[in-house]
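Colleague: generate a structure from the sequence data that follows.
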Amino acid sequence: MLDRLNIVKQRFDEVSDLIIQPDIIADQKRYIQLNKEYKDLKEIVDKREEYILLTGNIEEANEIIEDGSDDEMVEMAKMQMEEAKQKLPQLEEEIKYMLIPKDPEDAKNAVIEIRAGTGGDEASIFAGDLHRMYTKYCQSKGWSVNVVDFNEGTSGGFKEVIFEVNGEDVYGTMKFEAGVHRVQRVPQTETQGRVHTSAATVMVLPEAEEFDVELNMSDVRIERTTSTGPGGQSVNTTYSAIKLHHEPTGIIVSCQDEKSQHKNLEKATKVLRSRLYERELQKKMEADSAKRKSMVSSGDRSAKIRTYNYPQGRVTDHRIGLTLYDLSKIMDGDIQKFIDELQLVENTEKLKESDVF
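Modeller: The predicted structure follows:
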């Protein structure tokens, strides 16, 4: 293990020198990449120091015990060795997972799209519930959430809502939420008390930086319209809403959240760039899937990933078979337990496939 850690330390020293070079600082793309690498390597280098200290304590204690000339020192050495040996397995396990190669997309911000599926008005209400759940979760992490575009349902919620989340390692956390979410409950409009099943689809895209994907604005037709509210009525008379048509792919992106046309154009362009980037990643993921079938992040948007059962107060994640009987807290944004378990499964899969050890 120390050999691998020494290689990391060598790379850390190289990156430490590179990020202070004027030509690197002048190259924004390279500088951002190296800064991120520096931060990731620093965490492993700190663990390396812990590992060296702990194994050094064991060696030192062993020498004292073998010498045996001082009974009191031998007793202290035995205690020191016992304590170090208890800590070592946990530390080695942490280091193993840290040495798994990271997906460079995980550090990015994310664009999240929620669309009501089967179930009519109830599906729109559920899409609104999911948006509220994610907003509360993201805010609890200290991330910022900004709505890009929305289409309200006739009885509340959203037929569609698109929002961007900015923060640290957002995509690597939220990517597990992509897929079909199913809800089982009695709708407010149901007079017979029957449980209905509705669904909403969640898409999570890594937010593309300008240098991630080439977007030629000459390929984009920009349509300027007035913003609309529920039922299609105009909510203002200025042409602030933006609709982008990407001619080569047929992708259409709308944004009417801001009063400023310029800000709406900026947000819509960001989403368009992310969708184009996601298409490239999807091709790569499909190619990779021939080599690897991941249980938790296959990228299949049609996969039913989670069921929210209101009568029983439970939420079940079908990918890992985890059921939690804490529905109200979960809908209030407490989804960390699911994300932790999904990340653990993914890391375990990666560990089996990698040549870390």
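Colleague: buried ones in stretch 320-331?
Modeller: Buried positions in stretch 320-331, judged by neighbour count with 16 or more other C-beta atoms under 10 Å: Ile320, Leu324, Leu327, Ile330, Met331. In short, each C-beta sits where N, CA and C put it, glycine included.
Colleague: and the strands in the stretch 1-150 of the chain, which stretches?
Modeller: 110-116, 144-152 (DSSP state E, counting those that start in this stretch).
Colleague: mean pLDDT and mean neighbour count added to these, as JSON lines?
Modeller: Listed next are these as JSON lines, based on pLDDT from 0 to 100; neighbours: other C-beta atoms under 10 Å:
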{"stretch": "strand 110-116", "mean pLDDT": "94", "mean neighbour count": "25"}
{"stretch": "strand 144-152", "mean pLDDT": "92", "mean neighbour count": "18"}
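Colleague: now for those, which one comes closest to Met174?
Modeller: Taking C-beta to C-beta, strand 110-116 is the member of these nearest to Met174, at 5.0 Å.
Colleague: still on that earlier bit, distance to Pro101 added to the strands of the stretch 1-150 of the chain, as a markdown table?
Modeller: Shown next, in a markdown table, are the strands of the stretch 1-150 of the chain (distance: least, C-beta to C-beta, whole Å):
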| stretch | distance to Pro101 |
| --- | --- |
| strand 110-116 | 21 |
| strand 144-152 | 29 |
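Colleague: figure out which of those strands is closest to Ala208.
Modeller: Per C-beta to C-beta, nearest to Ala208 of these: strand 110-116, 8.8 Å.
Colleague: show me what the closest one is packed against.
Modeller: Packed against strand 110-116, as judged by 3 or more C-beta pairs under 8 Å, 6 or more residues apart in numbering; DSSP states H and E, are the following elements: helix 120-140, strand 158-166, helix 170-174, strand 196-206, helix 261-289.
Colleague: just those: most buried one?
Modeller: Compared across the helices and strands packed on strand 110-116, helix 170-174 shows the largest average neighbour count, a mean of 24 (mean count of other C-beta atoms under 10 Å).
Colleague: quick one, the next helix or strand after that helix and strand 110-116 angle?
Modeller: Next in sequence after helix 170-174, counting helices and strands by DSSP states H and E, comes strand 179-185. Taking axes from the mean of the first three to the mean of the last three C-alpha atoms, to 10 degrees, strand 179-185 and strand 110-116 form an angle of 40 degrees between their directions.
Colleague: for this structure, what's the longest helix?
Modeller: In the chain, assigned by DSSP state H, the helix with the most residues is helix 28-67.
Colleague: for Glu278, see how far away Val213 is.
Modeller: As defined by C-beta to C-beta, to the nearest Å, Val213 lies at a distance of 9 Å from Glu278.
Colleague: err, Ala241, not the other one
Modeller: 23 Å.
Colleague: chain center to the helix-or-strand element of the chain with minimal mean pLDDT, what's the gap?
Modeller: Of all helical and strand segments in the chain, the minimum by mean pLDDT, DSSP states H and E falls on helix 261-289, at a mean of 83. Here helix 261-289 is found 15 Å from its chain centre; the criterion is C-alpha atoms, centre = their mean, to the nearest Å.
Colleague: and after that helix, which helix or strand comes next?
Modeller: Downstream of helix 261-289, the next assigned helix or strand under DSSP H and E is strand 304-309.
Colleague: show me what that following strand is packed against.
Modeller: So strand 304-309, by 3+ C-beta pairs under 8 Å, 6+ apart, packs with strand 179-185, strand 314-317, helix 327-331.
Colleague: ok, residues contacting the last one?
Modeller: Outside helix 327-331, the residues that touch it by C-beta atoms under 8 Å, 6 or more residues apart in numbering are Asp129, Arg132, Met133, Tyr308, Asn309, Tyr310, Gly313, Arg314, Val315, Leu324, Phe338.
Colleague: which pair of those spans the longest distance?
Modeller: Arg132 and Arg314 (19.2 Å).
Colleague: Ile339 versus the residue nearest to Lys102 when sequence neighbours are not counted, what's the distance?
Modeller: In this structure, Lys102 finds its nearest non-sequential neighbour in Asp40, 6.5 Å apart by C-beta to C-beta, 6 or more residues apart in numbering. Going from Asp40 to Ile339 by C-beta to C-beta gives 19 Å.
Colleague: again, but for Val204
Modeller: Counting by C-beta to C-beta - Val204 and Ile339 are separated by 12 Å.
Colleague: so where's this protein uncertain?
Modeller: Counting by pLDDT under 70, the chain has low-confidence residues at 210-211, 227-239, 285-302, 354-357.
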